[in-house]
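# 3D model of this:
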Amino acid sequence: MSCGAAVLIAFAVVPLASAENVTPAPTDCGYPSTETTRSSAPAKQARGIAFPQDDVFRSLTADPKQPQFVTSYQRIRYREVNQSINAGVVAFGETFGLYGHRDGNCNGLQVGIQGGVFAQFNLDAPSKDLINADYVVGLPVTWRQGPFSARVRLYHQSSHLGDDFLLDNPGINRIDFRFEEVEGLMSVDLAWLRLYGGGGYLLHREPAIQRGKVQWGIELRPPDRASPFLQDVIEDLHMAPIMAADFKTLEEQGWNVNANVVAGLEWYRPGSTRRLRALLSYYHGFNPYGQFFNQKIEMVGIGLYFQF
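Prediction:
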């Protein structure tokens, strides 16, 4: 065989050998594909993962107390007195995976740590007063098996009113509001539909409010497509419309339903855990923030949601 022929054969064989060892694009286990969640998918060897970059339980899109990064404008109406303010509602938070044990189909368990801050600012006040800030830290344990996933977490919340807000509202009686809660949620993915439900129970609380909570929700995520925006600037950028609704009833509030509905667009790159959402939102129920848990409000707004 001539030297030239050997070289040609080598160039032909090497790509074929390399193709067999190509590493597939990583999957974000919070957003598993249909193939991943299919029960007939072949089992793969489970292994331990230190500091996994994703989670096997997808964060709740419409839960106003989901630890995530949010910046939003809200028009808040206090229903009992029929007064409204313009507000900036922001959140800073994330779930950090400590250890996971799962297979290549995203099935398995994960343990993490979670923290977040939820703050509301009165944009009508001269100094844009901080109204309230809720601080949350928790330990979530998550699980997935095909289309089914779950999250159990123990977390602590403490709430603090802003100094300027107290100075401008001397009639407000500040209380030391804090609690620890254990909660559990079960979720199922059905193609582009997700359903979830569960509840929580307060272990310790100040003041001594009622302990029970029930929560459920729905998320709609139609198939994504190449984004018609910025596709010439950002390679492989995908876009998907999303709609979600979260519902909570608390024993302290007489089991009345608090509803938060969001809808908008999401952008991301396949294989990346980073996602950007632009969402319209509508909330009706009791105030989900701080010591104002017995205050009836209505909120309409728009915001940017960042997932890392």
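# The most centrally placed residue in the chain: what's it in contact with?
Nearest to the mean C-alpha position of the chain, by CA atoms, centre = their mean, lies S59 at 3.1 Å. By CB atoms under 8 Å, 6 or more residues apart in numbering, the residues touching S59 are G30, Q66, P67, Q68, T95, Q307. All C-beta spots, glycine's among them, are computed from the backbone N, C-alpha and C.
# Compute the distance between it and D163, please.
32 Å (CB to CB, to the nearest Å).
# Which stretches in the stretch 101-250 of the chain count as strands?
All strands of the stretch 101-250 of the chain, identified by DSSP state E, counting those that start in this stretch, fall at 108-122, 130-145, 148-161, 178-190, 193-206, 212-220, 225-226, 238-250.
# got TSV for those, with distance to N294, mean pLDDT and mean neighbour count too?
Shown next, in TSV, are the strands of the stretch 101-250 of the chain (distance: least, CB to CB, whole Å; pLDDT from 0 to 100; neighbours: other CB atoms under 10 Å):
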stretch	distance to N294	mean pLDDT	mean neighbour count
strand 108-122	16	97	20
strand 130-145	14	98	19
strand 148-161	14	97	19
strand 178-190	15	97	17
strand 193-206	14	97	15
strand 212-220	15	98	18
strand 225-226	45	86	10
strand 238-250	10	96	19
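# Out of the ones you listed, which is closest to D54?
D54 lies closest, by CB to CB, to one member of the strands of the stretch 101-250 of the chain: strand 108-122, at 9.0 Å.
# per-residue pLDDT, the residue nearest to the centre of the chain?
As predicted, S59 sits at a pLDDT of 95.
# Begin at 569, not 1, for the rest of this chat.
With the count now opening at 569, the last piece we talked about shows up as S627.
# What strand or helix carries it?
For S627, there is no helix or strand it lies in under DSSP states H and E.
# what's the spacing between it and S652?
30 Å.
# now M811
Distance of M811 to S652, given as CB to CB: 26 Å.
# which residues of the stretch 569-718 of the chain score low on pLDDT?
Counting by pLDDT under 70, the stretch 569-718 of the chain contains low-confidence ranges at 569-594, 601-612.
# how about the helices in it?
With DSSP state H, counting those that start in this stretch applied, the stretch 569-718 of the chain shows helices at 571-588, 602-605, listed in chain order.
# Kindly reformat the strands of the stretch 669-818 of the chain as JSON lines and extend each row with distance to G832.
Output for the strands of the stretch 669-818 of the chain, formatted as JSON lines (distance: least, CB to CB, whole Å):
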{"stretch": "strand 676-690", "distance to G832": "20"}
{"stretch": "strand 698-713", "distance to G832": "24"}
{"stretch": "strand 716-729", "distance to G832": "23"}
{"stretch": "strand 746-758", "distance to G832": "20"}
{"stretch": "strand 761-774", "distance to G832": "16"}
{"stretch": "strand 780-788", "distance to G832": "12"}
{"stretch": "strand 793-794", "distance to G832": "16"}
{"stretch": "strand 806-818", "distance to G832": "6"}
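# if we can go back for a sec, now intersect the contacts of S627 with the strands, please.
T663, Q875 (DSSP state E).
# Name the member of the contacts of S627 with the most neighbours.
Compared across these, T663 has the highest neighbour count, 24 neighbours, by other CB atoms under 10 Å.
# Is it correct that that one is in contact with V679?
No. Taking contacts as CB atoms under 8 Å, T663 lies outside contact range of V679: 10.7 Å.
# Now do the shared contacts for the two.
Contacts common to T663 and V679, judged by CB under 8 Å, 6+ apart, are P708.
# Quickly list what A718 is bridged to.
A718 has these beta-bridge partners by DSSP bridges: W711, M754.
# Likewise for the one 5 residues further on?
Residues found in beta-bridge contact with Y723 (criterion: DSSP bridges) are G706, E749.
# ok, it - contacts?
Q682, V704, V705, G706, L707, P708, E748, E749, E751.
# repeat for L872
Applying CB under 8 Å, 6+ apart, the residues near L872 are V638, T639, S640, L844, R845, A846.
# Quickly find the element holding it.
Residue-wise, L872 maps onto strand 864-875 under DSSP H and E.
# Repeat that for F860.
Using DSSP H and E, no helix or strand contains F860.
# so it sits right up against S727, yeah?
No. Using CB under 8 Å, F860 is not in contact with S727, being 9.0 Å away.
# Common neighbours of those two, please.
In contact with both F860 and S727: N700, using CB under 8 Å, 6+ apart.
# Next, count neighbours for the nearest residue in space to E648 that is not next to it in sequence.
Spatial nearest neighbour of E648, excluding adjacent residues (CB to CB, 6 or more residues apart in numbering): K864 at 5.5 Å. Using other CB under 10 Å, K864 has 17 neighbouring residues.
# Contact partners for K864?
Contacts of K864 by CB under 8 Å, 6+ apart are Y646, R647, E648, G853, F854, N855.
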